[in-house]
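Asker: Got a predicted model here, sequence first, then my questions.
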Amino acid sequence: MTTNSPKPILVFDSGIGGLTVLREARVMMPERHFTYVADDAGFPYGGWEEGALKARIVALFDKLLALHDPEICIIACNTAFTLVGADLRAAFPQMRFVGTVPAIKPAAERTRSGLVSVLATPGTVRRAYTRDLIQSFASQCHVRLVGSENLARMAEAYIRGETLSDEAVLAEIAQCFLEQDGRKTDIVVLACTHYPFMANLFRRLAPWPVDWLDPAEAIARQARRLVPALEAIAPGEDVAVFTSGNPDFSTRRLMQGFGLRV
Ligand code: DGL
């Protein structure tokens, strides 16, 4: 199916973590254009009180949908979607939202040891949504929830070129590794879209090898199912929007590197 002026696909996160989803979305939908929105004025979402964060995101989408008129929205943020996914769908029934939730179901299907860890923000770890996922899909596993206060910020610094000490990173992930009755954790779910940027560090520092589960490809595939394929590349360009209105130099440079005009 072809349209004359195809609408962009909106990809949303609190910061730059959603870029890990954007890169997969581009692979799946090479003919489409993307509007990347970072609510950097609210970053990090991990520590927000739930009611206030909900109100903030719904109000923000009221503006974003009016301004950008997207084809669909990909909420590339576990902390946001596990809280506000249902509210967004209720508030904007004409829009389709593809969400990001901790990949607990695939982890439970894949684990051999039965020991799975979920590395997330403190917000995602607190969510009823996350507990429900465990109850529905992983009741036969031992699931350890690890809420990191600092990793999202550290990932932002790392992707902008700052060096992180091994000790600091290890301190954030160490809780993921559990040994019990001769069995060891074999899967760690990356339940924050910022974390895949650090996967190489995690692999190097892990006390033993595990699967680091990144849901980005599955999210992109789900989005592709909802977005009709175009015969030709849509005219236009990919843009990045920051709610602060004022991303710093290293952020602008990063966005340019991703082919996004700020
Ligand atoms: N990237 C976000 C997520 O997937 C959260 C980062 C934050 O704002 O704390 O959960």
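Answerer: Done, it's in.
Asker: Quick check: closest non-adjacent residue to residue 153.
Answerer: residue 44 (6.2 Å; C-beta to C-beta, 6 or more residues apart in numbering). The C-beta positions use only the backbone N, C-alpha and C, and glycine is treated the same way.
Asker: what do you get for residue 110?
Answerer: Distances taken as C-beta to C-beta, 6+ apart put residue 187 closest to residue 110, at 6.1 Å, once the chain neighbours are dropped.
Asker: Neighbours of the residue nearest to residue 153, how many?
Answerer: With neighbours defined by other C-beta atoms under 10 Å, the count for residue 44 comes to 22.
Asker: ok, now residue 63?
Answerer: For residue 63, the tally of surrounding residues (other C-beta under 10 Å) stands at 10.
Asker: Are we agreed that it is in a helix?
Answerer: Yes: counting by DSSP: H, G, I helix; E, B strand; the rest coil, residue 63 is found in a helix.
Asker: From residue 88, how far out is it?
Answerer: Counting by C-beta to C-beta, to the nearest Å, the gap from residue 63 to residue 88 is 13 Å.
Asker: now swap in residue 70 and tell me
Answerer: Plainly put, residue 70 is 13 Å away from residue 88 if you go by C-beta to C-beta.
Asker: what's the overlap in contacts for those two?
Answerer: Residues touching both residue 70 and residue 88 (C-beta atoms under 8 Å, 6 or more residues apart in numbering): residue 95.
Asker: distance of the closest residue to residue 259 other than its chain neighbours from the ligand?
Answerer: Closest residue in space to residue 259, ignoring its immediate chain neighbours: residue 238 at 5.8 Å, by C-beta to C-beta, 6+ apart. For residue 238, the distance to the ligand (C-beta to the nearest ligand atom, to the nearest Å) stands at 19 Å.
Asker: try residue 95
Answerer: According to C-beta to the nearest ligand atom, residue 95 and the ligand sit 20 Å apart.
Asker: per-residue confidence at the closest residue to residue 193 other than its chain neighbours?
Answerer: Nearest non-adjacent residue to residue 193, counting by C-beta to C-beta, 6+ apart: residue 17, 3.6 Å away. On the pLDDT scale, residue 17 is placed at 96.
Asker: what does the stretch 51-200 of the chain put close to the ligand?
Answerer: Proximity of the stretch 51-200 of the chain to the ligand (C-beta under 6 Å from any ligand atom) is limited to residues 77-79, 121, 124, 152, 192-194.
Asker: switch the cut-off to 5 Å
Answerer: 77-79, 121, 152, 192-194 (C-beta under 5 Å from any ligand atom).
Asker: Give me the three-state assignment for residue 246.
Answerer: Put simply, residue 246 is coil when judged by three-state DSSP.
Asker: Just give me the neighbour total for it.
Answerer: If you count neighbours by other C-beta under 10 Å, residue 246 ends up with 11.
Asker: From residue 56, how far out is it?
Answerer: On the measure of C-beta to C-beta, residue 246 and residue 56 end up 18 Å apart.
Asker: Which pLDDT value goes with residue 232?
Answerer: Here the pLDDT value assigned to residue 232 is 83.
Asker: helix/strand/coil for the residue positioned nearest the centre of the chain?
Answerer: The centroid of the chain falls nearest to residue 193 when counting by C-alpha atoms, centre = their mean (2.9 Å). With three-state DSSP as the basis, residue 193 sits in coil.
Asker: Surely it is in contact with residue 18?
Answerer: Yes: taking contacts as C-beta atoms under 8 Å, residue 193 lies within contact range of residue 18: 5.5 Å.
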